[in-house]
Every structure is written in structure tokens, then in C-alpha cells.
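>>> A predicted structure for the sequence below; I have some questions about it.
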Amino acid sequence: MLLIEEIIKQYNPKTIEETKAALREVIQSIILIGLSRGGFFEKGSFYGGTALRIFHGLKRYSEDLDFTLNRKDDNFSLQPYIKSIREVSESYGLNFEFSIREKVNPTPIESTFAKINTYETFITLKIDQTFTNILHKDEVLKVKFEVDTNPPLGFNTETVWLDSPEFAPIVVLDLPSLFSGKIHAVLCRKYKNNVKGRDYYDLLFYIKKHISPNLVYLKNRLIESNTIKESDEFNIDVLKSMLKERIKDLDFDMVKEDASKFIFKGESIDMYSLDLFNYMIDQIK
């Protein structure tokens with residue numbers, strides 16, 4: 001069991017933003033440990049960019065935690081798991097506050113925020129005084145975690161071990177299913193004027209690792225999003241055509257601008273272009 005102070009130091013943060021990012025990742029891990037202790041992973045699984053970051057070495061920061069139930073449950077609530085998360089956070093001397101997002105319209109997504117006073121936490125952890133002095137005393141660091149209670153099925157999972165700040169078994173979608181989730185985000189996320197460049201950074205991550213998408217799961221997700229119909233032909237060639245159609249008018253300057261806010265120093269995205277992504281999409285098998 002590592003002390004939070006020791007974990008923060010391992011990140012070797014040079015700026016206040018890097019320190020906050022390290023603290024956010026600690027909060028994410030504590031939430032996962034609490035969910036594991038509370039038995040959540042007997043009925044649900046972890047997926048998304050943060051899962052890729054924690055368990056597969058994605059070299060960018062990720063803000064939220066995404067989970068799916070393994071089968072539909074209209075009566076599911078996150079409330080019973082708050083207690084175990086709180087117990088874990090208190091064992092590390094951290095004071096989490098929780099707020100469950102009230103639903104304005106019916107939705108299968110259960111959302112909760114874990115919040116912590118950044119200034120007080122920096123003092124508790126004896127973070128560099130120079131950084132602490134910059135903070136507003138009421139600043140709050142938040143991590144959203146949400147669960148899809150009526151998910152599209154067809155995904156596969158594996159149990160992996162979180163090892164920091166302590167060991168905990170976590171059920172995570174396997175890489176082909178994670179890849180399918182990311183492709184779905186690329187194809188279906190509504191950007192307006194806020195392109196999520198991190199989606200495209202992640203897309204290349206999977207392709208470079210030669211991961212093949214779980215097409216059954218991806219088709220089910222696309223059907224749920226009304227992107228395709230169940231009767232539509234769907235295979236790897238159709239998928240490649242859909243991806244190329246999606247990116248043909250993409251503003252890659254906006255992609256780079258957004259992705260640069262999250263990627264680690266030393267990661268280059270200067271070459272991002274339509275030609276590069278068309279070439280990489282052709283490599284998907």
C-alpha cells in the first residue's frame with residue numbers, strides 16, 4: 001500500500017497542472033478499488049480511455065471513468081457503492097464528496113461525481129508550496145464516473161489487477177471490445193465545434209498495436225445509435241468506408257489542438273492529417 005504522496009512524486013510533476021493530473025489519476029484508482037471492494041465487478045465492467053490508460057499504457061491523461069453493466073438492470077444504482085469508495089479514500093486520508101447527477105430525462109446512464117478540495121488536499125499531501133499558493137482555496141477537483149445500465153452486448157471481458165496504490169481485481173473489456181467502443185465514439189460522437197482529438201489519438205493507438213475490433217459488439221453499438229440497421233451488411237470493409245467518410249471533412253488542426261491538452265510530453269501529433277488517417281484505417285484487420 002503506497003502513500004499518496006509517494007505516488008504523486010513518481011509522476012515527477014513539473015507544473016501545477018501535471019500535479020493535478022497525477023492527483024486525478026489517484027482518485028480514479030481509489031474509485032476503482034472501492035468499486036472492487038463493494039462487489040461492483042460481479043455485475044459490471046470497466047471500459048473507455050481511462051481503462052486504456054491505466055491497464056494498457058495509453059500515453060495521455062483521461063478524465064472520466066466509464067462502466068457498463070454486463071446485462072440490463074433498470075433498478076441499478078451507484079449509491080450502494082459510494083460507501084466502499086468513501087472507506088478507501090478515508091483510509092488514505094482523503095475526503096471525497098459525492099454528488100449523483102439527477103436525471104432530467106429518462107436515460108440508462110447513472111452518473112456520479114467524486115469531488116475533493118484541491119487546495120486542502122495539496123496541503124494534506126505536502127505538495128510543493130509554490131503550487132499550493134497558486135490555488136484558490138475553494139477549487140475542486142472532480143472525477144465523473146458513470147454506468148450504462150442498458151448496454152449493447154457482445155463485448156468480452158478479462159480480469160486484470162490494479163497495483164497502485166494497492167492491489168485490486170478489476171473486470172475490463174478486452175482490447176478488441178475496447179477498440180470497438182472507441183470506433184463507435186469516432187463514428188457517432190457529436191462534435192459540433194469541439195472535436196475530441198483524443199478520440200483520434202486513441203484510434204491510432206489501437207491500430208498501431210494491431211488490435212482487431214470486436215465487430216459483433218461494434219455492430220450492436222451502431223444499431224443502438226441508429227447509425228446502421230440490424231439488416232445492414234457490416235464487415236471490416238464497410239467499417240473502413242464508414243471511418244473514411246467520417247474523417248473526410250475533419251479539421252485536423254482542431255484534432256491536434258484538443259489532443260495536445262491530454263497527451264504526455266514527447267508524444268508527437270504534428271503529422272496528423274487526412275492522408276495519415278486514411279493510411280492507418282487501411283491497416284485495420
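Done, it's in.
>>> I'd guessed Gly34 sits against Glu87; true?
Yes. Using CB atoms under 8 Å, Gly34 makes contact with Glu87 at a distance of 7.0 Å. Every residue, glycine included, has its C-beta placed from N, CA and C.
>>> between the two, who's got more neighbours?
Neighbour count, other CB atoms under 10 Å: between Gly34 and Glu87, Gly34 has more, with 23 against 13.
>>> Please report how far the residue lying closest to that one once chain neighbours are set aside lies from Pro169.
Closest residue in space to Gly34, ignoring its immediate chain neighbours: Ile85 at 3.0 Å, by CB to CB, 6 or more residues apart in numbering. Going from Ile85 to Pro169 by CB to CB, to the nearest Å gives 16 Å.
>>> Then Glu42?
Distance of Glu42 to Pro169, computed by CB to CB: 11 Å.
>>> Please pull out the lowest mean pLDDT helix or strand from the chain.
helix 129-134 (a mean of 85; mean pLDDT, DSSP states H and E).
>>> Would you mark the buried spots in that helix?
By 16 or more other CB atoms under 10 Å, the buried positions in helix 129-134 come out as Phe131, Thr132.
>>> before we move on, back to that, comparing Ile85 and Pro169, which shows the higher neighbour count?
Ranked by neighbour count (other CB under 10 Å), Ile85 and Pro169 place Ile85 first, with 26 against 12.
>>> what about the more buried one, helix or strand, and which?
Secondary structure assignment for Ile85, by DSSP states H and E: helix 79-91.
>>> What's the mean pLDDT across that helix?
Mean pLDDT, helix 79-91: 95.
>>> And Pro13, what's its pLDDT?
If you check Pro13, the pLDDT there is 88.
>>> Need the nearest residue in space to it, chain neighbours excluded.
Once flanking residues are discounted, Pro13 sits nearest to Thr19: 4.2 Å by CB to CB, 6+ apart.
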